[in-house]
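# test case, fold it:
(2 chains)
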2 protein chains.
Amino acid sequence: MNISVYLKSQSKKVEKALDGFLPKATDYPPRLHQAMRYAVMSGGKRIRPILALAACEAVGGDAKDVMPAACALELIHNYSLVHDDLPCMDDDNLRRGRPTCHKKFDEETAVLAGDALLTHAFKILASVNGTDINSQTVTRRLDALRMIAEAVGAQGMVGGQAVDIEFQEKELDLPTIEYINTHKSGALIAVSTRIGAYLGGGTSSQVRSIFEYGKTLGLLFQIVDDIIDQEGYATLIGVSEAKRQAQTLLLGAKEKLRPLGSKAAALDSIADFVLTRRY
Amino acid sequence: MNISVYLKSQSKKVEKALDGFLPKATDYPPRLHQAMRYAVMSGGKRIRPILALAACEAVGGDAKDVMPAACALELIHNYSLVHDDLPCMDDDNLRRGRPTCHKKFDEETAVLAGDALLTHAFKILASVNGTDINSQTVTRRLDALRMIAEAVGAQGMVGGQAVDIEFQEKELDLPTIEYINTHKSGALIAVSTRIGAYLGGGTSSQVRSIFEYGKTLGLLFQIVDDIIDQEGYATLIGVSEAKRQAQTLLLGAKEKLRPLGSKAAALDSIADFVLTRRY
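From the prediction side, this is the model:
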């Protein structure tokens, strides 16, 4: 498969769905709604929803059962970026080449837009389509919502960000870096694959394999980032050791997909893409 | 009924349940978890969970079906206070006589603790007790979660806060004050009664009556606050007119409870209490 073509085509589908799930920019109060849309409709790679959709495909599921959750995951990712960029956090002025949300609007609007995006994500996750109500669907939705809340809360993504901030002026040791990597960015990537497989109707064993793939991919993602930026893990263990570990993680991620056969081709190619994207 | 005794006794039950639902202060990362507990276990009146429990009682429901959601509503209330108190928002140093969360900890921890409390609330709402799983329970949980997400998102509580902040340096007109009152504080109070009745197993008509009561109570709550603080609505329409309207709202709220009979005694007394608490 041509991974660039695949990613571009999936990303377009996600963008369209996101546009439909987000409230309109003219809804009252407009400034808040504009900020929500600004934060999300900003040309991200949409890797988390694409992973959820690819995981659904890997279990032979129907993309329409996963798309709402896939979009919710992207809203959660973007809320976390809006809050991470705040002056009291990473104090970033630019994100994807444009002013960050608090620079484009103001700090209070950015705090509230983040809050509203997180809330909206859970609203989407709790909204069952009128045509597909059955008790199994409803139970899976509620389970998926709980899995996501666990992955992005105080003992998941938010916990990772708290430790990252806390250690900005302290020396990082390996266990702390590993905690940050598995929580700050890893948890959301991993749960994206888990939710795609779960809502796609995968068996327990399929969901478990894909979740393990997702955890490994999350680590790979972070190590590659660190190699590119020459920081964190890569500086602590050295770039060539980091590259060696990245290669091992790639093989490990692919190994997890083996029981799924050819339906997991997209997940497999995404892992290659993550490793090779910039170095 | 003796409303003070009732509120005190219910508040104790809620405190105990909250203590159980919150993660431990020693969980990693500890500073974040300490901030979450500090924000919540701070002697609030617990009026929202108490309303949810009273609404459950009014439909003859079992308190144990409502307590998790009641606690989730209190976490959401407290997350909103933590974010509202931030320097970029209301910039408050004190809350309930103690340093605000960002003063006690720091700004970044307060942002993240708020995010984590909101996320934890949805996790609690999505956690179905192993003993009571049946498809009706699960469907009601998912419905309740969606109702709450709607009430506290960009077109509910967060929207109200956005407009309140936006108008801090502009002159307020009546429609804007009404929007702020019904959204910033009213929406969460109203949904607390709605969720209590709904998860308590109320009929559609009972849930509707109690939700209408809750909306009216939310307005009453805000008008009484404005009369006490001599601001907002009370200054725009004048204190004596505001008092007259408060009296009308009280009668309206009680009227909505009539179909529920004597089981709604607690809700009825809470309305009296809200009007008479400080003037």
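
# mind listing the strands for the stretch 1-150 of chain A?
A:94-95, A:98-99 (DSSP state E, counting those that start in this stretch).

# most tightly packed of those strands?
strand A:94-95 (a mean of 15; mean count of other C-beta atoms under 10 Å in any protein chain shown). (Each C-beta comes from the backbone N, C-alpha and C, glycine too.)

# and that strand, how far out from the chain's middle?
Centroid separation between strand A:94-95 and its chain, computed with C-alpha atoms, centre = their mean, to the nearest Å, is 18 Å.

# what is that strand packed up against?
Packed against strand A:94-95 by the contact rule (3 or more C-beta pairs under 8 Å, 6 or more residues apart in numbering or on different chains; DSSP states H and E) you find no helix or strand.

# outside of that strand, which residues touch it?
A:42, A:81, A:85, A:100, A:101, A:103 (C-beta atoms under 8 Å, 6 or more residues apart in numbering or on different chains).

# report pLDDT for residue A:139.
Listed pLDDT for residue A:139 reads 89.

# that one and residue B:139 touch, don't they?
No - with contact defined as C-beta atoms under 8 Å, residue A:139 does not count as touching residue B:139 (9.1 Å).

# let me know the pLDDT of residue A:129.
As predicted, residue A:129 sits at a pLDDT of 64.

# which parts of the helix or strand of chain A with the lowest mean pLDDT are buried?
Least confident element among the helices and strands of chain A, by mean pLDDT, DSSP states H and E: helix A:233-237 (a mean of 86). Across helix A:233-237, burial judged by 16 or more other C-beta atoms under 10 Å in any protein chain shown covers A:233, A:234, A:237.

# can you name the residues that contact the second one?
If I follow you right, that is residue A:234. Per C-beta under 8 Å, 6+ apart, neighbours of residue A:234: A:223, A:226, A:227, A:242.

# secondary structure element for the closest residue to the first one other than its chain neighbours, which one?
So the one you mean is residue A:223. Nearest non-adjacent residue to residue A:223, counting by C-beta to C-beta, 6 or more residues apart in numbering or on different chains: residue A:246, 4.9 Å away. Applying DSSP states H and E as the criterion places residue A:246 in helix A:239-257.

# who are the packing partners of whatever helix or strand comes next after that helix?
Downstream of helix A:239-257, the first helix or strand assigned by DSSP H and E is helix A:265-276. Under the contact criterion of 3+ C-beta pairs under 8 Å, 6+ apart, helix A:265-276 touches helix A:3-21, helix A:47-58, helix A:204-229, helix A:239-257.

# what's the distance between helix A:265-276 and the middle of its chain?
15 Å.

# what residues of it count as buried?
For helix A:265-276, by 16+ other C-beta under 10 Å, it's A:265, A:266, A:267, A:268, A:269, A:270, A:271, A:274, A:275.

# list phi and psi for residue A:106.
With angles defined as degrees, to the nearest 10, residue A:106 sits at phi -160, psi 170.

# show me the contacts for it.
Taking C-beta under 8 Å, 6+ apart as the test, what residue A:106 contacts is residue B:88.

# and if we set it to 10 Å?
Going by C-beta atoms under 10 Å, 6 or more residues apart in numbering or on different chains, residue A:106 touches A:31, A:35, B:88, B:165, B:166.

# now residue A:159
Counting by C-beta under 10 Å, 6+ apart, residue A:159 touches A:152-153, A:179-180, A:183-184, A:187, B:23, B:27-29, B:32-33, B:112, B:116.

# do you know the pLDDT at the residue nearest to residue A:42 when sequence neighbours are not counted?
If the residues on either side of it in the chain are set aside, residue A:42 comes closest to residue A:96, at 5.4 Å by C-beta to C-beta, 6+ apart. With respect to pLDDT, residue A:96 has a value of 92.

# quick check: the gap between residue A:96 and residue A:178.
For residue A:96, the distance to residue A:178 equals 28 Å [C-beta to C-beta, to the nearest Å].

# who has more neighbours, the two?
The residue with more neighbours, out of residue A:96 and residue A:178 and counting by other C-beta atoms under 10 Å in any protein chain shown, is residue A:178; that gives 14 against 10.

# pretty sure residue A:125 is touching residue A:191, no?
No - when contacts are counted by C-beta atoms under 10 Å, residue A:125 is not listed as touching residue A:191 (11.8 Å).

# using TSV, lay out the contacts of residue A:234 together with neighbour count and pLDDT.
Output for the contacts of residue A:234, formatted as TSV (neighbours: other C-beta atoms under 10 Å in any protein chain shown; pLDDT from 0 to 100):
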residue	neighbour count	pLDDT
A:223	22	93
A:226	21	89
A:227	22	91
A:242	20	93
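
# about what we covered before: I'd guessed the residue nearest to residue A:42 sits against residue A:81; true?
Yes - counting by C-beta under 10 Å, residue A:96 does reach residue A:81; the two are 9.1 Å apart.

# find residues that contact each of those two.
Common neighbours of residue A:96 and residue A:81 (C-beta under 10 Å, 6+ apart) are A:42, A:44.

# still on that earlier bit, out of the buried residues of helix A:233-237, which one sits closest to chain B?
residue A:233 (18.7 Å; C-beta to the nearest C-beta).

# ok, and the closest non-adjacent residue to that closest one?
Distance criterion C-beta to C-beta, 6+ apart; nearest residue to residue A:233, sequence neighbours excluded, is residue A:226 at 4.6 Å.

# please give the element, helix or strand, for residue A:161.
helix A:157-166.

# got the CA coordinates for that helix in CSV?
Extracted in CSV, the C-alpha atoms of helix A:157-166 (Å, rounded to 0.1, in the frame of the first residue of the first chain):
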residue,chain,number,x,y,z
MET,A,157,-2.3,11.8,29.6
VAL,A,158,-2.9,14.6,32.1
GLY,A,159,-0.6,12.8,34.6
GLY,A,160,2.1,12.6,31.9
GLN,A,161,1.8,16.3,31.2
ALA,A,162,1.9,17.1,35.0
VAL,A,163,5.2,15.2,35.4
ASP,A,164,6.6,16.7,32.2
ILE,A,165,6.0,20.2,33.5
GLU,A,166,7.2,19.3,37.0
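
# and that helix, how far out from the chain middle?
Chain-centre distance of helix A:157-166: 16 Å, with C-alpha atoms, centre = their mean.

# for the stretch 151-279 of chain A, what lies in contact range of chain B?
Proximity of the stretch 151-279 of chain A to chain B, by C-beta under 10 Å from any C-beta of the partner chain, involves residues A:151-166, A:168, A:176, A:179, A:183.

# which elements pack onto the next helix or strand after the helix holding residue A:161?
Sequence order places helix A:174-180 as the next helix or strand after helix A:157-166, per DSSP H and E. Helix A:174-180 sits against helix A:157-166, helix A:186-199, helix A:204-229, helix A:233-237, with contacts defined as 3 or more C-beta pairs under 10 Å, 6 or more residues apart in numbering or on different chains; DSSP states H and E.
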